[in-house]
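**Student:** here's my sequence, what's the structure:
(chains A, B, C and D)
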Protein chains: 2
Amino acid sequence: MSTEATPHAGLRSLLPGFAPGSAGSGSTWRARLIAEAADLTRSGGWQTITMAKLADRVGVSRQTVYNEIGSKQELAEAMVMHEVEGFLRGVDASFEAHPDDLVGAIREAAAGVLRAVRTNPLMHAVLSASHGAESDLLPLLTTEASPIIDAARVLIREHLDAYEVPLESARIDALVDMVIRLVLSHVTTPSGTPEETADDIAFIAERVLAL
Amino acid sequence: MSTEATPHAGLRSLLPGFAPGSAGSGSTWRARLIAEAADLTRSGGWQTITMAKLADRVGVSRQTVYNEIGSKQELAEAMVMHEVEGFLRGVDASFEAHPDDLVGAIREAAAGVLRAVRTNPLMHAVLSASHGAESDLLPLLTTEASPIIDAARVLIREHLDAYEVPLESARIDALVDMVIRLVLSHVTTPSGTPEETADDIAFIAERVLAL
DNA sequence: ACTTTACAAGTAGCACCCTCTTGTCAAACG
DNA sequence: CGTTTGACAAGAGGGTGCTACTTGTAAAGT
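**Tutor:** Alright, predicted model coming up:
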């Protein structure tokens, strides 16, 4: 069943239509189009994208773009979804990598996210938007951003339940919420290197967990 | 010396030109003008304000406004400063009210801020802007917003030093930073009542302090 | 100490036009 | 069958020129 980089069970359920090996049947161009759109967004900003330019870039007719994607709004959603997927996958991997070190997992997850948004302006835009900030890169978060955060919340919560956490459920929720908010806060308003910030967050988490 | 609601010594140093009893000599209209401007901003938004309207509202000539304030940019700064003053004063008061209960002080300060931004859209705008969010109410935060946060940071840190905190300095800084970021996060993106949120933050702080 | 009047410079809004883009269709192609 | 092509209506976006208002300063008036 699992070939490589098998995601956590919870991750699959959070990413509808997620199938590691096969990208589907009819969608030959879909992935290429979304990737190229993300690239164009990263370089020139979302508003410079036109369906014609995108089609040209991929080497396909404009009609094919509409057949594969549907509309420009759906293109945006697909792009965002793709970034969110990467975001969640990174967080997931951090937890998978530290099965017996919860604090270490949190530190790595936080540092990973903070590093990622530094080099990936699109992911930065998506996460910023999910936290109230506006981005010139992506004025299209019509899709309420809270689902993104909720997904991260659920994912982390699931992972936490795999460790022995001596806290009642409501307190664990508060902790998870805190970690997410702190990371997002440092996404929009950084105050140090990803590693320094992740260390601070890990310290706080460690004290709260009282391990 | 102290007549009423004497602020913490540190608060005075953070608010240049702050003198509780006397509002100064020449500035007869200044306070009225700033208050009225804040009111107009709250109701109609900053961009609807004109110096003429403001003068009319207060019942003085337009020239007087320029004499008292200087320019529209300075009006904005004065307004923001006034809100920041209220914000810091509230935080300060919370700590003064709990000289022997640090966690309680943090809870009250957090709850107070979260309650205040709910009823005061201008303060909401100022604090949101200090955290990366844009506001239609106030597109004038030319003054880098970080000083506001820095002031809060210094103020809280000063208060914390009055309690016995069994942590090294860098860790206390991390804690203060966390509390501020969490509160600001809930300013831009609330997730419950001010009291619930404040409880969660207080819980986290308590665990970190390991009291 | 405040008002009034006057003024230059700059900005904001508006109506207009033109262009480009979106989204859809049907027909043609390999 | 998937893809392309050309054509199309509707509408969004981007300039332009104009007017009206606003800012900021200065003087003289009360």
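
**Student:** up against DNA strand D, what does chain A have?
**Tutor:** Neighbours of DNA strand D within chain A, by C-beta under 7 Å from any atom of the strand: A:26, A:28-29, A:47, A:59-64, A:67-68. Placement of C-beta: from N, CA and C, glycine included.

**Student:** tell me the one of those nearest DNA strand C?
**Tutor:** residue A:63 (4.8 Å; C-beta to the nearest atom of the strand).

**Student:** and the closest one, what pLDDT?
**Tutor:** Reported pLDDT at residue A:63 in the predicted model: 97.

**Student:** does DNA strand C sit close to the strand or helix carrying it?
**Tutor:** Using DSSP states H and E, residue A:63 falls within helix A:62-68. Yes. Counting by C-beta under 7 Å from any atom of the strand, DNA strand C is contacted by helix A:62-68 at A:62-63, A:66.

**Student:** which stretches in chain A count as helices?
**Tutor:** Using DSSP state H, the helices assigned to chain A run over residues A:9-14, A:30-44, A:51-58, A:62-68, A:72-97, A:102-119, A:121-129, A:146-160, A:169-188, A:194-209.

**Student:** most tightly packed of the ones you listed?
**Tutor:** When the helices of chain A are scored by mean count of other C-beta atoms under 10 Å in any protein chain shown, the highest mean neighbour count falls to helix A:121-129 (a mean of 23).

**Student:** re earlier: any idea which of the helices of chain A scores lowest on pLDDT?
**Tutor:** Lowest mean pLDDT of those: helix A:9-14, a mean of 65.

**Student:** spit out the contact partners of residue A:60.
**Tutor:** A:29, A:33 (C-beta atoms under 8 Å, 6 or more residues apart in numbering or on different chains).

**Student:** now with 7 Å?
**Tutor:** By C-beta atoms under 7 Å, 6 or more residues apart in numbering or on different chains, the contact set of residue A:60 is residue A:29.

**Student:** kindly state the domain boundaries assigned to chain A.
**Tutor:** A:19-70, A:72-211 (automatic domain parsing).

**Student:** reformat those into JSON lines and put distance to residue B:100 next to each item.
**Tutor:** As requested, those are arranged in JSON lines below (distance: least, C-beta to C-beta, whole Å):
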{"stretch": "domain A:19-70", "distance to residue B:100": "53"}
{"stretch": "domain A:72-211", "distance to residue B:100": "22"}
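
**Student:** now for those, which one comes closest to residue B:106?
**Tutor:** domain A:72-211 (13.6 Å; C-beta to C-beta).

**Student:** alpha carbons of stretch A:151-169, as PDB, please.
**Tutor:** What follows is stretch A:151-169 as a C-alpha-only set of coordinates in PDB (Å, rounded to 0.1, in the frame of the first residue of the first chain):
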ATOM      1  CA  ALA A 151      -6.900  21.400   9.400                       C
ATOM      2  CA  ALA A 152      -3.500  22.100  11.000                       C
ATOM      3  CA  ARG A 153      -5.300  22.100  14.400                       C
ATOM      4  CA  VAL A 154      -6.800  18.700  13.800                       C
ATOM      5  CA  LEU A 155      -3.600  17.300  12.400                       C
ATOM      6  CA  ILE A 156      -1.500  18.400  15.300                       C
ATOM      7  CA  ARG A 157      -4.100  17.400  17.800                       C
ATOM      8  CA  GLU A 158      -4.200  13.900  16.300                       C
ATOM      9  CA  HIS A 159      -0.400  13.700  16.600                       C
ATOM     10  CA  LEU A 160      -0.500  14.900  20.200                       C
ATOM     11  CA  ASP A 161      -2.900  12.100  21.100                       C
ATOM     12  CA  ALA A 162      -0.200   9.700  20.100                       C
ATOM     13  CA  TYR A 163       2.100  10.900  22.900                       C
ATOM     14  CA  GLU A 164       1.400  10.700  26.500                       C
ATOM     15  CA  VAL A 165       0.300  14.100  27.500                       C
ATOM     16  CA  PRO A 166      -0.600  14.600  31.100                       C
ATOM     17  CA  LEU A 167      -3.200  17.300  30.500                       C
ATOM     18  CA  GLU A 168      -7.000  17.400  30.100                       C
ATOM     19  CA  SER A 169      -8.300  17.700  26.600                       C
END
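
**Student:** what lies in contact with that stretch?
**Tutor:** For stretch A:151-169, using C-beta under 7 Å, 6+ apart, the contacting residues are A:10-11, A:14, A:88, A:91-92, A:95, A:102, A:172, A:176-177, A:180, A:209-210.
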